[in-house]
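**Q** Structure for the following, please:
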Amino acid sequence: MNPVDLRIGPALVVPVASAPFTGYVEVTAGVITHLGPVPTEAAATTTAASAGRIIIPGLVNTHCHTSQQLGRGLGDDVDLLTWLHDRIWPYELALTEADAELSALVCAIEQIRNGVTLIADPGGRHVDGMARGLATAGIRALLGRSAMDSGEGRPPGDRESTDEVLAPQDELVVRWHGKDRMRFSYTLRTIFNCSDELITETVDRARRLGTVAQMHVAEIPEENEHCRATRGTTTVRHLDRLGVLGPDLLAVHAVWVDDEEIALLADRGAPVSHNAASNLKILGTPRIADMLDAGVLVGLGTDGAPSNNRMSIIDEMWLAAIVQKGVRRDPTVLPAEAVLRMATADGARALGLADVAGTLEFGTAADLVVIDPLTANFATAADPVSALVTALKTENVESVLCDGEWLLLDRRITRVDESAVLAEAADRAAAVRRRAGLTIS
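**A** Coordinates of the predicted model:
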């Protein structure tokens, strides 16, 4: 019997796709080759004893603005349009490619420390820099470029025609799709700033490439009012009328939707990225429990540092469950196992990557997280699987494996000098704020 590269166990293994068990996970060439209560008889090149630990699939962040990591705190206590026009667009214009690279690297470090192995980035200006930062960290990513070709409020340095938006993305596909654990994803900012031509061309390109397109959808009531005034109906209905609402369009946020639109999302198989913290902070409270009841596929996302500040899917799991229970006044909605699935298997499905990530199964990529439950917040939990949603915190994440490589091992980032990276990031963030004129008192 050929040796295996890595054997982890014994631990409580939570595959998500099947029932939890106490046993072992074995990995060879970046792929899971065995899961079971006993190990195979093969010799293991490396072993990771994990008695008392919990092994879960790598978490999936379906909406994560990596280029905004240096802008944490710039969006506090303002409405969406002020946040976008007066804070974020000036910030993004002030970024250099080197800034974007460092921002993505720091964002990836934070994601890894929170157990995330796959992120969907909805786009920035300096994609080559962002891609290099993500590649340095080693995280798996769906990468995009910010796409806007119309509308009011765009700064002078960020005005492009439809062709000027699409052509660079086609070039980025050649450079980055399938390289360094990355796939490319065509993106759309919002219907405020995207023409119908750009929307249809973008989704068509994504379909041909075999990835999802990402778009912020139905974020605020004013968006639906704008869409009615310019297109004659609400955002979700208009997207359906254009023929783009489907499994290959990730609808991010989807806060302001009615019963008919929820039914449309379900019928068309269009996935939704739920970003509980940033929604509550800026946008409102989406009807996630209603969406799930209707059959909408929902994954979880953090959004970006200026809109969330806490870039943790672990926090998002807890918040998603708690808020929907309160909205429904029903403690039975969004049980822990459903929320864990949203953060893993359903998130991977929403990104079109269910064959790669989101579950622990024979033949899937070896993306997993080793959880240390021996902390004050977790150790006394009656149900450790439920506690993965109700009690888990960042400090419980002990090690993170992506594609068979340890990106976090015994709470240490393996690929870079984390302290040096963070010190440089603090200096660069201050410099970007100065260039953008965004000193916040």
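
**Q** Just the CA trace of the host helix or strand of residue 132, in CSV.
**A** In this assignment (DSSP states H and E), residue 132 forms part of helix 127-137. Coordinates of each C-alpha in helix 127-137 appear next as CSV, following Å, rounded to 0.1, in the frame of the first residue of the first chain:
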residue,chain,number,x,y,z
VAL,A,127,-6.3,42.7,-9.6
ASP,A,128,-2.8,41.6,-10.4
GLY,A,129,-1.7,42.9,-7.0
MET,A,130,-4.6,41.4,-5.2
ALA,A,131,-3.9,38.0,-6.9
ARG,A,132,-0.2,38.1,-5.8
GLY,A,133,-1.2,38.8,-2.2
LEU,A,134,-3.7,35.9,-2.2
ALA,A,135,-1.2,33.6,-3.9
THR,A,136,1.4,34.5,-1.2
ALA,A,137,-1.0,33.6,1.5
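
**Q** what's in contact with that helix?
**A** 66-67, 96-109, 112, 119, 121, 124, 141, 143-145, 168, 172, 175-176, 179-182, 407, 415-416 (C-beta atoms under 8 Å, 6 or more residues apart in numbering). Every C-beta, even on glycine, is put in place using the N, C-alpha and C of the backbone.

**Q** In helices, which of those residues appear?
**A** Those of the contacts of helix 127-137 mapping onto helices are 97-109, 112, 168, 172, 175-176, per DSSP state H.

**Q** Put the buried members of those into a ChimeraX selection.
**A** Typed into ChimeraX, the line below selects the buried ones among the ones in helices among the contacts of helix 127-137, using 16 or more other C-beta atoms under 10 Å:
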select :99,100,101,102,103,104,105,106,107,108,109,112,172,176
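
**Q** In this structure, where is pLDDT below threshold?
**A** When residues are selected by pLDDT under 70, those of the chain lie in 153-157, 440-441.

**Q** so where's the longest helix in it?
**A** From DSSP H, the single longest helix across the chain is helix 418-436.

**Q** for this protein, which strand is longest?
**A** strand 4-13 (DSSP state E).

**Q** Could you name the helices and strands sitting against whichever helix or strand comes after that one?
**A** Proceeding N to C from strand 4-13, the next assigned helix or strand is strand 21-28, under DSSP H and E. When contacts are defined as 3 or more C-beta pairs under 8 Å, 6 or more residues apart in numbering; DSSP states H and E, strand 21-28 packs onto strand 4-13, strand 31-36.

**Q** looking at these, which is buried most?
**A** strand 4-13 (a mean of 22; mean count of other C-beta atoms under 10 Å).

**Q** Listing partners with orientation, what would you give for it?
**A** Using DSSP bridges, strand 4-13 pairs in its sheet with strand 21-28 (antiparallel), strand 44-48 (parallel), strand 54-57 (parallel).

**Q** what does it rub up against?
**A** Strand 4-13 has contacts (C-beta under 8 Å, 6+ apart) with 20-29, 33-35, 39-40, 42-55, 360, 366, 368, 370, 384, 401, 404.

**Q** What ranges does the stretch 151-300 of the chain have for its strands?
**A** For the stretch 151-300 of the chain, applying DSSP state E, counting those that start in this stretch gives strands covering 182-184, 187-188, 213-217, 249-253, 272-274, 298-300.

**Q** what's the spacing between the second one and its chain's center?
**A** By that I understand strand 187-188. In terms of C-alpha atoms, centre = their mean, to the nearest Å, the centre of strand 187-188 is set 15 Å apart from its chain centre.

**Q** center of this structure, which residue is that?
**A** Centroid-nearest residue in the chain: residue 61, 2.2 Å away (criterion: C-alpha atoms, centre = their mean).

**Q** Could you count how many residues lie near the closest residue to it other than its chain neighbours?
**A** Closest residue to residue 61 apart from its sequence neighbours, by C-beta to C-beta, 6 or more residues apart in numbering: residue 119 at 4.4 Å. Residue 119: 30 surrounding residues under other C-beta atoms under 10 Å.
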